[in-house]
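K.L.:
Using only what follows, build the 3D model:
(one chain, ligands or ions: 1)
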Amino acid sequence: MARTIDWDGDAVVIIDQTALPETFRTLRLETVDELIEAIRRLAVRGAPALGAAGALGVALSARRHGTDSESALAAVRAEAERLAHARPTAVNLRYGVERALAALPQGADAVLTDALAVLDEDERVNRAASRHAAELLLRRCPPRPLRVLTHCNTGRLATVAWGTALGTVRHLHADGRIDQVLVDETRPLLQGSRLTAWELADEGIPHRVLPDGAAAAAMARGMVDCVVVGADRVAANGDTANKIGTYGLAVAAAHHDIPFVVVATESTLDRSLPDGGGIVIEERAAEEVTQLAGVPVAPEGSAVFNPAFDVTPVALLTAVVTENGVFATGRGT
Ligand SMILES: CSC[C@H]1O[C@H](OP(=O)(O)O)[C@H](O)[C@@H]1O
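P.N.:
So this is what the prediction gives:
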């Protein structure tokens, strides 16, 4: 299965996620500006995939400017800073940029080598984190095939390969322990209905798509055994920034005593933040809410509140799990 983001020897190659589910196409990005534009319009998205994009973007810049003069190094560092600011909440973007920049004194080839190491590591750590999460859910949930609710997209499209929360679903499915995945559509950009359902359909994993507003009702009707989500930035205490709507899901899951597990990688942890209060939340364009596929769905000029993420206090979570195991615990453990 092709990687979501890769290097073809001269350019960054991504699956264009804005075209799915109708069209599968790849984009070849030859400059940092092209990569930043792709990140900003979510052609490439998802915290771990952004980490890979950040690292490969620095490699692109180092090959373009060279590294044998102070002016060249300054040009690379300036492009790297613009890249790191393309989306402010997902800490992996900055992580990938810094990982690649660390090799800059050794030259452009060393930068590329380190950037490619970020990609190689991503699938390994995703498989490990999602395996730990699957084992936790098997301990916490009824001993039968499970009905797992997901939010946004946390599969191979949000990573280099495999996935975090949806990687957990893949492990459970392989173990014969998935009855059905309930896929939150995830307004406004529909990463769930467009991307998660596409991944699950491609692998024949049973699923139902639901409006975000139906998730609490599904819990109230006893249709949900557990909730598993990804993360964009996890503070030192386990407070988690994730796609908008995660906080409401966690409140409803706590009310119904349903296990709620965040699956992340160590590179998504931000230990510099004691709690979630300091996490910067990306605000996105009003048109994402007032239009659907270019068709107005709200009156011209309506004001909009469109944060891309929210922060869920660790107290509402069953656990935050990484490739190293349980990082933080909240309720019911
Ligand atoms: C593998 S975690 C991916 C994480 O990123 C998503 O955000 P976006 O689609 O805006 O990049 C969402 O928060 C997912 O949980």
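K.L.:
which regions of the stretch 101-250 of the chain lie under the pLDDT threshold?
P.N.:
Within the stretch 101-250 of the chain, no range satisfies pLDDT under 70.
K.L.:
what sits against the residue of it at minimum distance from the ligand?
P.N.:
Across the stretch 101-250 of the chain, no residue is closer to the ligand than residue 230, which sits at 2.6 Å (C-beta to the nearest ligand atom). (Each C-beta comes from the backbone N, C-alpha and C, glycine too.) Contact partners of residue 230, counting by C-beta atoms under 8 Å, 6 or more residues apart in numbering, are 46, 47, 152, 154, 158, 164, 165, 242, 243, 262, 263, 264.
K.L.:
Look up the closest residue to the residue nearest the centre of the chain, ignoring the ones flanking it.
P.N.:
Centroid check for the chain by C-alpha atoms, centre = their mean gives residue 46 as the closest residue, at 2.9 Å. Distances taken as C-beta to C-beta, 6 or more residues apart in numbering place residue 158 nearest to residue 46, at 2.5 Å, with adjacent residues excluded.
K.L.:
Against which helices or strands is the helix ranked longest in the chain packed?
P.N.:
In the chain, taking DSSP state H as the definition, the longest helix is helix 108-140. Packing contacts for helix 108-140, counted by 3 or more C-beta pairs under 8 Å, 6 or more residues apart in numbering; DSSP states H and E, involve strand 5-7, helix 47-65, helix 91-101, helix 165-174, strand 226-229, strand 260-263, strand 319-322, strand 325-329.
K.L.:
List the pairing partners of whatever helix or strand comes next after the shortest one within its sheet, with orientation.
P.N.:
If I follow you right, that is strand 5-7. In the C-terminal direction, the helix or strand that comes right after strand 5-7 (DSSP states H and E) is strand 12-15. Taking DSSP bridges as the criterion, strand 12-15 forms sheet pairs with strand 5-7 (antiparallel), strand 26-29 (antiparallel).
K.L.:
Could you list the residues of the stretch 51-200 of the chain in contact with the ligand?
P.N.:
152, 154, 158, 159, 164, 191 (C-beta under 6 Å from any ligand atom).
K.L.:
Same list (those) but as CSV, adding secondary structure, neighbour count and distance to residue 297.
P.N.:
Written out in CSV, the entries for these read as follows (DSSP: H, G, I helix; E, B strand; the rest coil; neighbours: other C-beta atoms under 10 Å; distance: C-beta to C-beta, whole Å):
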residue, secondary structure, neighbour count, distance to residue 297
152, coil, 30, 20
154, coil, 35, 26
158, helix, 31, 26
159, coil, 32, 31
164, coil, 32, 31
191, helix, 27, 18
